[in-house]
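Undergrad: no sequence for this one, just the structure:
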């Protein structure tokens, strides 16, 4: 559903157009649109705008409901990795947008004291806002991988060795000592448990450029 998010990205990400609705206020925090209303709205949009809301469209994407209060969301302005945008969900509400009522999350951007809004659908679709700041999951995975590597090195360094039974000749290929089989098995198990390392770890820490970046 990237197309749906792209159509709205120019006016609904921050609601920066001059004649738009007033900004949310503190009383809007902690208040969320009832799920039944969202589902009814979504079904009507699938019937009215099948190009943007196909029959198999999922209102909440990979989630089963709205994001709860204080959920951290992150995306990149104009898909520029040097311009991260981070916000925290504070609620959700209906907003009159181009003559239509549409659901929005009430959010507070990082380093900002004011409330703003983002389209609710953009926070649940591929290529839109994702959960977490600074690829926190990637940082955790990378830390776990480093710990496993250290454990492997520790096993190899501390493993007792035994003399090789292979005769020492000019053509012998076996090393003069062999690792204890039990230690080698443990090291291999640790390596397998590590799994593939994250390929996006280099993007784990993005410098803020000032609110909302």
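TA: Thanks, I have it. Here the structure is a predicted model, which is why all the values come from computation and not from measurement. Numbers count the residues shown, from 1 in each chain.

Undergrad: tell me the SS of residue 102?
TA: When states are read from DSSP: H, G, I helix; E, B strand; the rest coil, the local structure at residue 102 comes out as strand.

Undergrad: next up, phi/psi of residue 131, please.
TA: phi -70, psi 140 (degrees, to the nearest 10).

Undergrad: do I have it right that it meets residue 73?
TA: Yes: taking contacts as C-beta atoms under 8 Å, residue 131 lies within contact range of residue 73: 6.4 Å. The C-beta positions use only the backbone N, C-alpha and C, and glycine is treated the same way.

Undergrad: any residues in contact with both of those two?
TA: When contacts are counted by C-beta atoms under 8 Å, 6 or more residues apart in numbering, the set common to residue 131 and residue 73 consists of residue 67.

Undergrad: tell me which of those two has more neighbours.
TA: Under the neighbour definition other C-beta atoms under 10 Å, residue 131 and residue 73 were set side by side, and residue 73 has more, 22 against 15.

Undergrad: got a list of what the residue nearest to the more buried one when sequence neighbours are not counted touches?
TA: Nearest residue to residue 73 in three dimensions, chain neighbours excluded: residue 129, at 4.2 Å (C-beta to C-beta, 6 or more residues apart in numbering). With contacts taken as C-beta under 8 Å, 6+ apart, residue 129 has the following neighbours: 73, 74, 75, 87, 118, 122, 123.

Undergrad: closest to residue 53 among these?
TA: The shortest approach to residue 53 among the contacts of residue 129 belongs to residue 122, at 13.5 Å (C-beta to C-beta).

Undergrad: my guess is that closest one contacts residue 104, does it?
TA: No: contact status for residue 122 versus residue 104: not in contact, 9.3 Å apart, counting by C-beta under 8 Å.

Undergrad: secondary structure element for residue 37?
TA: Counting by DSSP states H and E, the secondary-structure element that holds residue 37 is helix 35-48.

Undergrad: no more questions from me, cheers.
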